[in-house]
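> Pasting the sequence and the predicted coordinates here, then a few questions.
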Amino acid sequence: QVQLVESGGGLVQAGGSLSLSCAASGRTFSSSAMGWFRQAPGKERELVAAISWNGGTTYYADPVKGRFTVSRDNAKNMVYLQMTSLKPEDTAVYYCAAGPSTIRAIAIPAVYHYWGQGTQVTVSS
């Protein structure tokens, strides 16, 4: 099992940058795929980025490709989401998630079973 706590959300102007962190605890973290999801008001939760257990494979949803970067540090039990060139449509609650996944399956939302409480990101125009 994995426990997750996100931090780093806030208010930023369009075009700005923000970095999210996710602190994980639990002995299975280093073998878990990690994902960043977001949910905007009135919309379904969507997977925006994911990274394999060893950090060697990443996935990005089309709306964030080239602007977001996901990374992890297994020695520190941390996962990060660096967000640049932010747009108002990036406004959402961002969630860190973990799950037992093969490298090929990291882009499948259903593999993620453990969730953080979420952190709000607001991008003003």
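All right, it came through fine.

> in a helix, that's where Pro63 is, yeah?
Yes - assessed with DSSP: H, G, I helix; E, B strand; the rest coil, Pro63 lies in a helix.

> In stretch 85-100, which residues are buried?
Neighbour counts using 16 or more other Cβ atoms under 10 Å place Leu86, Asp90, Thr91, Ala92, Val93, Tyr94, Tyr95, Cys96, Ala97, Ala98, Gly99 of stretch 85-100 among the buried residues. C-beta coordinates here come from the backbone N, C-alpha and C atoms, glycine included.

> Which stretches in this structure count as strands?
3-7, 10-13, 18-25, 33-39, 46-51, 58-60, 68-73, 78-83, 92-99, 114-115, 119-124 (DSSP state E).

> Alpha carbons of stretch 15-33, in PDB - could you do that?
Provided in PDB are the C-alpha atoms of stretch 15-33 (Å, rounded to 0.1, in the frame of the first residue of the first chain):
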ATOM      1  CA  GLY A  15       2.400  31.600 -19.100                       C
ATOM      2  CA  GLY A  16       3.900  31.000 -15.700                       C
ATOM      3  CA  SER A  17       5.300  27.800 -14.100                       C
ATOM      4  CA  LEU A  18       4.500  25.700 -11.100                       C
ATOM      5  CA  SER A  19       6.000  22.600  -9.700                       C
ATOM      6  CA  LEU A  20       4.000  20.000  -7.800                       C
ATOM      7  CA  SER A  21       5.500  17.400  -5.400                       C
ATOM      8  CA  CYS A  22       4.100  14.200  -4.100                       C
ATOM      9  CA  ALA A  23       5.500  12.600  -1.000                       C
ATOM     10  CA  ALA A  24       4.900   8.800  -0.800                       C
ATOM     11  CA  SER A  25       5.200   6.400   2.000                       C
ATOM     12  CA  GLY A  26       4.800   2.600   1.900                       C
ATOM     13  CA  ARG A  27       7.100  -0.100   0.900                       C
ATOM     14  CA  THR A  28       5.700  -0.600  -2.500                       C
ATOM     15  CA  PHE A  29       6.400   2.900  -3.800                       C
ATOM     16  CA  SER A  30       9.600   2.100  -5.700                       C
ATOM     17  CA  SER A  31       7.900  -0.700  -7.600                       C
ATOM     18  CA  SER A  32       4.800   1.400  -8.400                       C
ATOM     19  CA  ALA A  33       3.900   3.400 -11.500                       C
END
